[in-house]
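**Q** no FASTA, just this:
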């Protein structure tokens, strides 16, 4: 959106139209060398091979392609579209490249090549070596919550649940050839840039317009949750990219159900007191360090509670919303991530070997889809 249109009226006009709570996805995929399984900075070549297919686009790292799944009514529909997009991309990549998805590549060098172009060049000039370290992959989930005041209320309330979503979706324990001890090292890498992590409370659409104007580029409002000024969606950017489509669908179901659950509570007059960012950040740190195996604090009392207990209670609360959205099955799949999320599965598969971890990721790129997975070296 052109910065001159970033005023309160313009933002409201994007979020006010009455629409169902559709869901869309953006998934960042790693390109690997088929022999070494290292990152391959060849996204331009692969995008040429898919001949301008709008489902695929560049990202900052030259070793990454983003899959864009347009809005659909249900999680099942976006998951099916994601599966087809993965399969088609894998077909285009064979035999030159192997594809894999996780929050971070397990053993690649901490710095990598960036894509060319004016926008990325400006990022490289401004952030120097920090830009070259942004070899991270997210699953971005867009949920349409309308109208404008309702969407803003849900945004402010959803901030408090970002740590639970991050713990559930943590999928980046390895980095630069070693086990980091983290469930996800991705937020510590991303946090080297500004406007990362838990977003600020937005008191009004006028305040949001002022913040975007002050920042100078709406596309660099990189917080883990944001009202998207072009799409009119709440964009949840906190989840790590998920290794399989099934896991991506489970995370998406939790996000969509959470947004609708909060909207329903707003509709019956419930108000959400803003929570201090630093309190949410305490739980966010636990999510990155321990994933589902840690503890989080009650945001009011400070009482510690196992993260798994918080997640199981949240999924129980989201059940009615999930049934109304026809994603109850995918929400049930999320219970498997509560037991063992992507980080835990990757550690178990790797047995301490980052190369084995990468091979496992590549072998599972098409897992569960009606196509054979390509060999991964």
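**A** Looks like it came in fine. Keep in mind the model is a prediction, meaning the values are calculated, not measured.

**Q** And the longest helix along the chain, what's buried?
**A** Determined from DSSP state H, the single longest helix within the chain is helix 245-267. Of the residues in helix 245-267, those with enough neighbours to count as buried (16 or more other CB atoms under 10 Å) are 245-263, 265-266. Bear in mind the C-beta positions are built from the backbone N, C-alpha and C, glycine included.

**Q** Following element in sequence after that helix, please.
**A** Counting by DSSP states H and E, the next helix or strand C-terminal to helix 245-267 is helix 277-290.

**Q** Read off the pLDDT value for the nearest residue to residue 334 once chain neighbours are set aside.
**A** Leaving aside its sequence neighbours, residue 334 sits nearest to residue 250 (CB to CB, 6 or more residues apart in numbering; 4.1 Å). You'll see residue 250 listed with a pLDDT of 98.

**Q** I'd guessed residue 250 sits against residue 338; true?
**A** No - look at residue 250 against residue 338 with CB atoms under 8 Å: they stay out of range, at 9.7 Å.

**Q** before we move on, what SS does residue 66 have?
**A** The assignment at residue 66 comes out as strand when based on DSSP: H, G, I helix; E, B strand; the rest coil.

**Q** same deal with residue 26?
**A** strand.

**Q** For the helix or strand where residue 120 lies, list every residue counted as buried.
**A** In the assignment (DSSP H and E), residue 120 maps to helix 118-127. Neighbour counts over helix 118-127 (16+ other CB under 10 Å) mark 120, 123-124, 127 as buried.

**Q** Which parts of the protein are strands?
**A** Taking DSSP state E, the strands of the chain run over residues 23-32, 56-58, 64-72, 98-100, 139-143, 174-175, 178-179, 225-227, 234-236, 295-297, 304-306.

**Q** can those strands go into a markdown table with extra columns for distance to residue 368, mean pLDDT and mean neighbour count?
**A** Shown next, in a markdown table, are the strands of the chain (distance: least, CB to CB, whole Å; pLDDT from 0 to 100; neighbours: other CB atoms under 10 Å):
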| stretch | distance to residue 368 | mean pLDDT | mean neighbour count |
| --- | --- | --- | --- |
| strand 23-32 | 15 | 98 | 24 |
| strand 56-58 | 21 | 97 | 17 |
| strand 64-72 | 16 | 97 | 20 |
| strand 98-100 | 15 | 98 | 25 |
| strand 139-143 | 16 | 98 | 26 |
| strand 174-175 | 23 | 98 | 26 |
| strand 178-179 | 27 | 97 | 15 |
| strand 225-227 | 28 | 97 | 22 |
| strand 234-236 | 23 | 98 | 25 |
| strand 295-297 | 31 | 98 | 19 |
| strand 304-306 | 29 | 98 | 13 |
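
**Q** Adding distance to residue 369, write those strands out as JSON lines.
**A** Formatted as JSON lines, the strands of the chain follow (distance: least, CB to CB, whole Å):
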{"stretch": "strand 23-32", "distance to residue 369": "14"}
{"stretch": "strand 56-58", "distance to residue 369": "17"}
{"stretch": "strand 64-72", "distance to residue 369": "13"}
{"stretch": "strand 98-100", "distance to residue 369": "12"}
{"stretch": "strand 139-143", "distance to residue 369": "17"}
{"stretch": "strand 174-175", "distance to residue 369": "25"}
{"stretch": "strand 178-179", "distance to residue 369": "29"}
{"stretch": "strand 225-227", "distance to residue 369": "29"}
{"stretch": "strand 234-236", "distance to residue 369": "24"}
{"stretch": "strand 295-297", "distance to residue 369": "34"}
{"stretch": "strand 304-306", "distance to residue 369": "34"}
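
**Q** Tell me which of those strands lies nearest to residue 352.
**A** strand 178-179 (6.7 Å; CB to CB).
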